[in-house]
Every structure is written in structure tokens, then in C-alpha cells.
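Trainee: Give me coordinates for this.
(chains A, B and C)
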Amino acid sequence: MVDLSSARQQQVLAPTPLLKQLPPAARLVLRGRSQVLAAAADALGLPRSETPCRAVRSDVRAALWLGPDERLLLGSADAAAEMHGLLQRALAGMAHSLVDIGHGQVGFEVSGARAALALNTGCPLDLDPASFPPDMCTRTVFAKAQILLWRTGATTFRLETARSFAPYVTQILALAGRES
Amino acid sequence: MLLIECPYCGVRPELEFVYGGQAHVARPHDPAACSDEQWAEFLYWRENAKGVHAERWRHTHGCGRFFNALRDTTRDQFLATYRVGERPPAASSREREPQP
Amino acid sequence: MSGDLRAASGGRIDRNRVLRFRFDDREYTGAAGDTLASALLANGVHLLGRSFKYHRPRGVLSAGADEPSALVTVRRDAARMTPNLRATQVELYEGLEAFSQNRWPSLELDVGAVSGLLSPFIPAGFYYKTFMWPRGAWHRLYEPKIRAAAGLGRAPEQADPDIYANRFAHCDVLVVGAGPAGLAAAAAAAGSGARVILCDEQSEPGGSLLAEPAAHSEAAIAGEPAARWLTRTLRQLTAHPRLTLLTRTTAFGYFPHNLLGLNQRLSDHLPRPDPGQPRERQWQVRAREVVLATGALERPLVFPGNDRPGILLAGAARTYLNRFGVLPGSRVVLVTACDAAYQAALDLHRAGVSVSAIVDVRSGAPDGPLLEAARLAGLPVETQATVLGTSGRLRVRAIRIQKLDSAGAPAGPVRRIRCDLVLMSGGLTPSVHLFSQSRGKLAWDESLAAFLPGQAVERVRSVGACRGVFSLAAAVSDGTGAGLSAARDAGFSVSAAIPEAPLPESAAAGRPGALPQPPGVSGEKAFVDWQNDVTARDLTLAAREGFRSIEHVKRYTTTGMATDQGKTSNINALAIVARELGEAMPRVGLTTFRMPYTPVSFGSFAGFARGELFDPVRATPMHDWAARQGAVFENVGLWKRARYFPLPGEDMHAAVARECLAVREHCGIFDASTLGKIEVAGKDAATFMNRMYVNAWANLAVGRCRYGILLRDDGFIYDDGVVARMAPDRFHVTTTTGGAAGVLALMEDYRQTEWPDLDVWLTSTTEQWAVIALQGPAARRVLEPLIEGLDLSAGAMPHMSAARGRICGIPMLLMRVSFTGELGFEINVPADFGLPVWQAVFETGQAHGITPYGTEAMHVLRADKGYIIVGQDTDGTVTPDDAGLAWSIGKGKPDFLGKRALERPALASPYRKQLVGLLTRDPQQVLEEGAQIVPGRHRSAPEPALGHVTSSYHSARLGRSIALALVGAGRSRIGETLYVSMPDGDIPVQVTSPVFYDPQGSRLNG
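Mentor: Sure thing, here's the model as predicted:
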């Protein structure tokens, strides 16, 4: 029998100074009440946080606030099973929902001095660091697509979008990147 | 494009929201006990307020939460937004405009 | 011809950079810094176009955005051709090519001008009165002719090849207008630390200061010459890191909550724009505070013959002289109703132009420093006079004036003065367009004869001339004060003292309305609206015919309805109507200001949302494989789905028939990835599903699937799909492709707002899984060799079961389900493995006749079985019973969405439209979907239809046509003959069960 376990296929975008596609990642959506979210943070070695629209992270993992009962847990792709196991053990007996969406989204890094300007081609939020500081994360829109935007640094953003919307988002960003 | 204050995420542009109709129309706890008229009223009858209107919005492209808002339909200005389950703020504290 | 009417020095043009350009195929030269209008005037060209209705020769009236007459088409190539540009705003570049509009065969000899001779027969409301009859002739006959005769420029016939950009921006203070007041406001706000955007429609900031003579200007700001103040302020502004200065950028619209639309023209001024760069960029700026410094527009005077080429606004002449170094004439007559216009005569006099007369139309004894200066300069001033008319065919040659008596009526001898330039000024109209768009109330100020910004709705301030503060020093102080207070209100600490706001000034009030004329009808037209050719007489006629509201007068006469939106005409029109009605101007009203302030290109609004990027195009992981197989795709929502896979020489019918037979006889492979998927998880998941869907979920065993139906609370079918129970507290719910987002939103609504106590959560997994449907008698044989750890036998994995396993080493969720009526499986694998797994299955399937099939075959196969498609066989008024699905309803459940509504008598009526099958007598005849169904062939009177055809196909397996339909009391009519209205007559059909194929379901359970 063919073994396709190493045949993972993504449409990969050629990197530009503005826009790089991120490698596959572990993405788990955890939903539940406060104690579940806190227990999950403990299990993953992340600080507990209920601050809206803020991400917390360690060297290898991050938890992004998506809603009051919803976190996106990120890690490296090869650690997905490990994360899943840690959480299942920690959350046993607690009502929650843990769903793998690792293949459902694609991540990009938008960076550089013009990153915010390019994002503002389609994103209506104020991306000034005073309004959208590092570690802020939120779902929002980019033109006609929904995206998840996380400011990971002064001039660096992580953008995630559902995989079928990725070509649309990246093509518009590429156009914006070519503006002088 | 309006600015709407999500009770969780703060002030955001209208593009992130979806309108959800009149607020505080609770689904009867025991629909079987409703008369046809009562059920029709729950399903179909809505306010058409000229002035302050309590309405639902959902921060669809944000935290995903439904919430309630008081909006002056004559000026298209939001007077307050509040979470599901909370009572509408008193009229005196309503004059609050979202700030970008 | 060269620019020989250019002053030797002065202005902001670069005389050393000579630019060649063409206008109506004649070559001219201008200078860098020119507009098309200034360059043409420098060449002595005053005739720039023909008027809209009467084809009268027209020249330049103004020097800016208010220009109603000098509309031109600028052409770069066949696709880059922009009509209706104001020559006063077209920046000159080397090689510019422009054309006049609305003339044939040429501008000088225009046969359309004959309509000017017929003009006594074209009064106000002429179109309404004349072309009402016969009905239908308007579209066929009158409108095309009128449009051909009276038109603007022509739209290019090719697609716009340029790029347009969008940008969202935020700032603390947005300042609109970079004249002295706006510059001062921006400087004050930026100095307080605020994030400022300053925009101006012109190529350089400065506003009215650009029209001040650099050499010997009296204009000064706090003792500093205006030119030096401008240079210093600009240097100061550009040093602010948080200030964005946008030139060539028009704030065209003011939207709720301080959102303004700006249109930035990036490359129209360049001789060779980079086609890879955007031509325009539309900004959507959200500002905490807005400062409007939009200035004022000069009003023309309304007198007979006021529209000839060579008749300009006085301020425009100053701009041409002082900014562009153009001498717009050699003998000038100034007609004015205000002091400020005297400056134009003084400037022209100093430049060597002969001032033949200054005609001051005001009554009384006007006086002031400018009038005194004119007298000192020896300029002939005629006070208390009016203008009776002008002459000159393609350029004004003379003007006739007459004194006014003490009652203000023309009296005494008529004086004819030779001239080649007439300047006029009826006073200044503050530009309150944006303020009014912001829904701010306008207040009529009698002493200024102007509407001024009143009560604001948005967080907006108006400064300078747009609120009647005209004098330079006061406007600058006004701007400084507003800039400081805006920064303070945006949350910045302001240390400087905020100067007191100056009061509006009445010096530029002027005299709105028409100039007095002697009794009797003048043969010459006195124009109010240049662009739409509306005269004073049209307006008085409308008032006499009974129009009272200015909104009605506007629509009847078309005054103010041209692309200039009445910038120069509205106040004069209002004054004329008010005078005719004997009403005060504010009582007659003011027409609504609407966006855009000046026309904005469609490209700017479209931005990148065109062609491939108009909407997101969603493709599945297997899309490219299907494309390589030659699949024809269809749009389903935003998704591209393979509709059929034609082999060489096959049409759609043949391909679909082959695909259907392959599924029935061997095995078909189908990309079902677009189906919506929602993970419903949590301790109360079953309770939640019980309340949402009609079905009974509590008794669904783990590992089993059920066909779920979701109603709205009104009892009608909203969505359907197979639901698999993966764990006691976990359901894998599938939805229709188009319904995915709506179902998730509906579920979240009830979860959050009705049942927040339930421990249940929802997560969309639509894009997590690629779904490969394998359908047909050979499906199990194809699949078996590829999977591990699962027994696919009918006993171990019966129809409607689900299990986790591995396929080719990839974790998989396998569901044994069928939308075809055949043995079928749906293989869910993580999306990045979708294509490799698909290819492996396809490879293995070769031995079993595997055939890829598309959505069209899927539709036929499901129709064979009478399976509905929500949205095709249902329309939002169909209950489960109507669709023959009442069996799916969980009988013992106390409640679910729609349950109560289904109990209403109307929804339980046996006469409701019900889903049935239809078979035509001619098996090859395929009914039209949507066709109406009637009881009898011969109808004497209209009768209500019994229902309509919802799905109709040729079924390859059955070798005949089949159709599904919703028919009143349909199930009781099975066996009856009804008729379907088709374009070529009524077709008899037999009513049957909707299940045409394998009604026992033996193939399904095989």
C-alpha cells in the first residue's frame, strides 16, 4: 500500500520582502468556559489570560484569544499530537471542545516598514501600534475575506486565513506590495 | 460605515458585524403552550422604532459574539452596546458615541 | 502657437520647462505648472466647448473644481480616455492630448448650435412636456436623439487597463483643504502631537495663497508676507512624522461616524505613468476629529449673455494672472457685487491690462480700501449699474451697461463698452458640501447672503472661508484655533492658548440672483447653470407654473443637476426662485448636497475588486487535478466546483450521461470538499442537536450517521446534511455548500442567546477536511486495499455509519453515505492530503472503471432517487412534510426549531404543495425547471398554477427524462395527468412518486 504520510501538499507562495508563507502548523481551536481555558494554558505552559484580543506565547506555542470562550492554540506541525495529548489529559472530565483545524487555515507573515500599509489595503482596522500593539490578535476582514491578524512584532504580523481564501488575500497583498 | 463598540473587542468598523434584528425577543420557553397568535407574534411582529431601538448585532468577523445595542434610528448613532443577558442601560447613561 | 499671452515673470510656473500639448488636434505649448485651461488661455484660446443643450460657445469660467463649462476629454490611448474632465484641473504634461466635447463637426462650426436658434421653444420642463407621448417613443426615439445631440464626452469603449488602489487609514485630525486656514489647522494639530492627515485637491498646497502675486502682495499673516508664511508652514508641516500631506486628493464624501472618502490621483499628471503603479488610490479615512477648510466659491452674476468665452469669474482671472502668469485679455470690464473682486482689476491693471470699466452693481455708495485703491489707480468705476447684455460670437467683444435709478431699476442711456475680457463676481459662497453631507445643519446668514455651517452632527469643525471667515489673518487664526481644539478633543494636551474664533465677514456677501433688467423680454439668455444650460427665465417660469420647493424646481429645470452639482449656480437659482415667489431664501430651501464633491472614476471605487479579484475564488485541494482533467467548473457560492469532465468530443449531455452510468455500474469519484462541516462538541452536544434539528439524536449510536434536517423557527426547511456521531459528546455535522456559513451563524445564535447554559461549542471544519466521495457498486473494492484498521463489510460498516481509520497512512474520517443511491463512501482526510489521497484512490480505481464525476451528474443521480437539494427543490416555504421528509422528525421530542410552527393549521394542510415526480409522455422531452404546472390543457381564463418544476434532467440510467416538482396536494394526485407550461405549449405529464430509481434501496444497502 502507498504510504502518503509524507506527501502533504500545500500551495506555496514565493516569498517576497513583504509576504512569506509560514510552514504548516498545529492549530487547535479550544472552546469552553474559563476554567477550561485556564487549565489548557497551564497544560501548555502558557500564561493564563482572559484579555480580549491578546495572544500569549512561549517559545514554541501560543494561545490567541478569538472570543471569550475560544482560543486558537498554535504550535509547530510536528507537535500537534503532543499538544492534543497534553490537552486531552488536562481537560479530561471538563466540558469543552477541542478541534484540529491545522489544515483548514494557512499562515503568512507580513513584515517590513510597509506591512501595515499593505494590510490596510483591505483591512479596515487602525494598525498604528498605539491602537494595534504587539501581541494584539483578532479576527477581522481583509477585503471580502475573513482573516486572523496577530501583530507579532513592531513591523511584523501573522495573518491566517481559511485555505481557500489564501490566494485571494495574497494576490491583493502582492498588489499592495508593488505600490511605490 | 458605522463604528460599533463590541462589548468584548471594543470599537470596530461595521464591516466586521452582521445585523441581527430586534433585541429582547425571547423564544418562548414552552412553545407548545403558545397559541398560534402568540407564536406568530414571536416569529413575525417587530418594532419599527423611530428613535431608540434595541437591536442585536453579531461581531461575526471578530469574536463571533452576539450582543445588544441601543441605536437611535433617526440619527443612526449608537447609544450603548451591552452583552447578551444584560439589561439595557438606563436612558440617562445612553449618550455615548463610539470613538475611533 | 506659443504661449504669447504670458506675463514676462511671476507665477508658479516654470517658463524654462516648455511642454507641448494638443487640443482638438492643434499643437500648443505651455509651461510646467500649467493646467490645460491656463495653457490654453496663455495661447489666447478661450473657446473650449459647446454647451449641453443649446450648443453655445463656451470658454473657461473658473480656475478650479467649480468649472461648469470647460469640460474636455483627455486621451492617452484608446483605452485610457477620460471624458468630462475640467480643463481647470487637468495638469499639463508633455504630450497631453485633449479634445473639446459636444461639438460637430468642429468647435468653431457646430451644427448643433441651431438648437440655440430653436431655444425659445425649449423652455424649462420641455422634455417633460413634449416627449410624454406617444408612450414608448421616449426610449426608442427621443432619448437617443437627445442624448446624441446634447451630451457630455463619450466613455471609452475598452476596459480600463489601469490599476486602482484602496487604503483604509485612521487619524486623530483630518484636515480637508490646504489653504491658509487648513494649513494653520494642520500645523496646530500636528504640533500638539496628533496624527494628522491633510488633503487638498490641487497639485500643491496653498489654496487661495497660490493666487496671490509673489512679488508685490499686500497679503500678510501677522506681518509676514503670505508667500513666506506658506513656505515656512509647509516646511514645518513636512517635518512632522505623524502628518500625512496628500495633494491631488479630493475629499469627495463624508460618511457616518467621521469616515471620509478621499480620491488621490497619483499619475494623471505624469507624461508616462508606470502602468504597474496605481492611477488612483481611494482612501477611507476614519478621523477622530475633522477640520473642514474647504474654502469658498465665487458666484457668477446673472445677466444676459453672461456665458460667452472671455467672461470669467474675477477670482479665476487673478489665479490665471498670479499663479500661471497668464494675461487672460487685453481690455477688461469687471462687473462686481462685492469689494473683493476689485483686487482682480487692480492686479490686471498692474500687469498692464487695460481696465475699461469697473461696473459695481450694488445700490447705495459702496466703499472700502479696495475701492479706494481702484480710484487712486485711476480705474473707471461705474456704480449703481447693471449689465444688459454682451456681444461677440466666439469671444466676448463688448458689454452693454445701464445705470440704476434710486429704486434700483435700469434707467438712462445704455453704454456699450468694447472689451475682450469680462470678469464678474456675485460674491462668495462658502463650500459647505462636506459639512452638509455629514448631516450638519446649515444656517442661512442674511448679512453674508450665504448658508453657513450650523449645528454639527459629527465631530467636525469648519474653518476659514467655508464658514464665512474670508480675510487671510482671520482665516489663519480660525484654522489655528480649530487645529488646537481638535487635537485637544482627540485626547492630546494642548499647551498653546486657543485663539477665539473670528466672526464671519459680510464683505463678500455680494448679490445673489439676477441683475435688474428693463421691462420686456430680452432676447439674450441670462445663464444660471452653465453646465445644464438653465437660464434665469427657466427658473422664473418654473415658479410661475407653480413649483414652490427648490427641490422640485431643481428637478423640473435641471438646475444644479449636472456633474458640477450646481457649485456656481445653486445660490443664484435659489435667489431667483425666492424673489419670484416673494419668499425668503431659507424658506424656499436648499437642495441636498450629495457625494461625490467632484466626479470620481469608477475605477477608484472598484479598486482591486475587478476581474479575478472581484470576489474570492475558493478552490478545493483537488481543484487543479480536475482542471488538468479538463473539468468544466461552475460557481457555487464563492466555490468553483467541477460540473462535468468532458472527454474529447463530448458535450455536457454526453459527459453527464457517461458519468452517471459509470456511477451506477462501476464507481465514480466526486469532490465533496465544499460541503460545510461543523464540529458540535461538548457535554450537551446531543441536547443541542435535538433542539436544533428535527431528528432524534439521543438514540443515535456513536459511529452512526443520520440525515439531518434543520428548520427555521417558522417551520420551513433551512438546510440539510448528514450528521455523524463521533463520540457521545461530539457530532460531525455536514451542511450544504451554500448554507455552511448561515447554519453556523444560526447555531451560534441559539447557542449564545437562547441556551447559554448548554455546554456545547461549535467549530467550522469545512476547510480542514478534503472530502472524496466514492460512489458505485465497486466503491468498496476500490477503497478496501487502501485502508487500515477498518472492516468495510456491510455488516461491520453498514449504510449510514462512520469510523476513524487510516487511508494510505493518513488519518481519515470515513462515512458510509450516499447521495446517489449506490453503495458509497465519503473519505475525509486533512486538506493538505486531499490531492495525494484522491490520486491514490483514482489510481486504484482504474481497475474498477473509476470515473470522476461533477456536480451535474451528482444532481441527476440524486434526482433519480428523489433526494432534494435545499434551495432548488425547496424555496424557504417548504416543510419537511411538503418535501416528503416527515419521517425524519423525532416524534417524541418536546421541542426543536420549527416544531411549534409546524403545528399551525396552515402548515398541516393537505392542500400544501408537495414534492412529487413528473414523467413526460415523450421520454426524451426534458421539462424546464421553474415551469408552471396547471390542471388542464385548455384554459379559458387565467388560473392559478398548481405548482412548478423544481428539478428536471435526462436520466441516463432510466433512459428518459425525469422531473421533481412541488404540486398542490401532489401526493393525492399521483397517477393523474397534469400539464406543464412550456414555451411551445402545454406538455402533459404524469404525477408519480419522486423516487424513480431503486425505491427499495437495495443498491444503497449493498
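
Trainee: quick one: which helix or strand includes the nearest residue to residue C:27 once chain neighbours are set aside?
Mentor: In space, and not counting its chain neighbours, residue C:27 is closest to residue C:20: 6.2 Å by Cβ to Cβ, 6 or more residues apart in numbering or on different chains. For every residue, glycine as well, the C-beta is placed using N, CA and C. Per DSSP states H and E, residue C:20 falls inside strand C:14-23.

Trainee: From residue C:108, how far out is the residue nearest to residue C:27?
Mentor: 22 Å (Cβ to Cβ, to the nearest Å).

Trainee: try residue C:854
Mentor: Residue C:854 is 64 Å from residue C:108, by Cβ to Cβ.

Trainee: same deal with residue C:636?
Mentor: 59 Å.

Trainee: Who has more neighbours out of these two?
Mentor: Legend: neighbour count by other Cβ atoms under 10 Å in any protein chain shown for residue C:636 and residue C:108, higher for residue C:636 (15 against 11).

Trainee: Could you report the pLDDT at that one?
Mentor: pLDDT, residue C:636: 96.

Trainee: what ranges do the helices span in chain B?
Mentor: Under the criterion DSSP state H, chain B contains helices at B:36-44.

Trainee: Next to chain A, which bits of it? Give me the list.
Mentor: Residues of chain B lying close to chain A by Cβ under 8 Å from any Cβ of the partner chain are B:1, B:8-10, B:12-13, B:15-16, B:61-65, B:100.

Trainee: Please list the members of these that lie in strands.
Mentor: Members of these lying in strands (criterion: DSSP state E): B:10, B:12, B:13.

Trainee: what mean pLDDT does the strand holding residue C:20 have?
Mentor: 97.

Trainee: Quick one: mean pLDDT over whichever helix or strand comes after it.
Mentor: Going down the chain from strand C:14-23, the next helix or strand is strand C:26-32, by DSSP H and E. Mean pLDDT, computed over strand C:26-32, is 97.

Trainee: List the buried residues for strand C:26-32?
Mentor: By neighbour count on 16 or more other Cβ atoms under 10 Å in any protein chain shown, the buried set for strand C:26-32 is C:28, C:29, C:30, C:31, C:32.

Trainee: Which strands border that strand, and is each parallel or antiparallel?
Mentor: strand C:14-23 (antiparallel) (DSSP bridges).

Trainee: Model confidence for whichever residue of chain B sits closest to chain A, exactly?
Mentor: Going by Cβ to the nearest Cβ, chain A is nearest to residue B:63 of chain B, at 3.8 Å. Note on residue B:63: pLDDT of 98.

Trainee: mind listing what the spatially most central residue of chain A touches?
Mentor: With distances taken as Cα atoms, centre = their mean, residue A:160 lies nearest the centre of chain A, 5.1 Å away. By Cβ atoms under 8 Å, 6 or more residues apart in numbering or on different chains, the contact list for residue A:160 reads A:27, A:72, A:105, A:106, A:107, A:108, A:147, A:148, A:150.

Trainee: Return the set of residues that bridge with it.
Mentor: Going by DSSP bridges, residue A:160 forms beta bridges with residue A:107, residue A:148.

Trainee: And it, how far from residue C:649?
Mentor: 45 Å.

Trainee: Tell me the buried residues in stretch B:58-77?
Mentor: For stretch B:58-77, a neighbour-count test (16+ other Cβ under 10 Å) marks B:58-72, B:77 as buried.

Trainee: tell me which of those residues is nearest to chain C?
Mentor: residue B:66 (4.9 Å).

Trainee: which SS class is the residue nearest to residue C:445 when sequence neighbours are not counted?
Mentor: Distance criterion Cβ to Cβ, 6+ apart; nearest residue to residue C:445, sequence neighbours excluded, is residue C:452 at 5.0 Å. Judged by DSSP: H, G, I helix; E, B strand; the rest coil, the three-state class of residue C:452 is strand.

Trainee: And residue C:543, by the same measure?
Mentor: Three-state call for residue C:543 (three-state DSSP): helix.

Trainee: That one contacts residue C:581, doesn't it?
Mentor: Yes: applying Cβ atoms under 8 Å, one finds residue C:543 in contact with residue C:581, separated by 5.5 Å.

Trainee: Compare neighbour counts for these two and give me the winner.
Mentor: Using other Cβ under 10 Å as the criterion, residue C:543 and residue C:581 rank with residue C:543 on top: 23 against 17.

Trainee: so what's the more buried one up against?
Mentor: Neighbours of residue C:543 in contact, by Cβ under 8 Å, 6+ apart: C:553, C:577, C:580, C:581.

Trainee: Throw those into CSV and include distance to chain B and secondary structure, thanks.
Mentor: Converted to CSV, the contacts of residue C:543 look like this (distance: Cβ to the nearest Cβ, whole Å; DSSP: H, G, I helix; E, B strand; the rest coil):
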residue, distance to chain B, secondary structure
C:553, 28, helix
C:577, 29, helix
C:580, 34, helix
C:581, 30, helix
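
Trainee: for residue C:725, phi and psi?
Mentor: Phi and psi for residue C:725, reported as degrees, to the nearest 10, are phi -90, psi 110.

Trainee: Could you check how many residues crowd around it?
Mentor: By other Cβ under 10 Å, 22 other residues sit near residue C:725.

Trainee: need the helices for the stretch 301-450 of chain C, in chain order.
Mentor: Remark: helices assigned in the stretch 301-450 of chain C by DSSP state H, counting those that start in this stretch are C:314-322, C:342-350, C:369-376, C:433-437.

Trainee: quick one: which of these is nearest chain B?
Mentor: Of the helices of the stretch 301-450 of chain C, nearest to chain B by Cβ to the nearest Cβ is helix C:433-437, at 13.8 Å.

Trainee: any residue of the closest one up close to chain B?
Mentor: No: on the criterion Cβ under 8 Å from any Cβ, helix C:433-437 is out of touch with chain B, staying 13.8 Å away.

Trainee: what does that helix rub up against?
Mentor: Outside helix C:433-437, the residues touching it (Cβ under 8 Å, 6+ apart) are C:176, C:251, C:253-254, C:260, C:292, C:294, C:442, C:453, C:456, C:460, C:462, C:466, C:565, C:592-595, C:597.

Trainee: Next up, the contacts around the closest residue to chain C within chain B.
Mentor: Chain C sits closest to residue B:31 of chain B, with a gap of 3.6 Å, by Cβ to the nearest Cβ. Residues near residue B:31 by Cβ under 8 Å, 6+ apart: B:39, C:895, C:899, C:900.

Trainee: Can I have the buried ones of the residues you listed as a ChimeraX selection?
Mentor: Applying 16+ other Cβ under 10 Å to those leaves a buried subset, and the ChimeraX line that selects it is:
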select /B:39 /C:899,900
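
Trainee: which SS class is the residue of chain C positioned farthest from its centre?
Mentor: Going by Cα atoms, centre = their mean, the residue of chain C most distant from its centre is residue C:795, 60.5 Å out. In three-state terms, and counting by three-state DSSP, residue C:795 is coil.

Trainee: All set, thanks.
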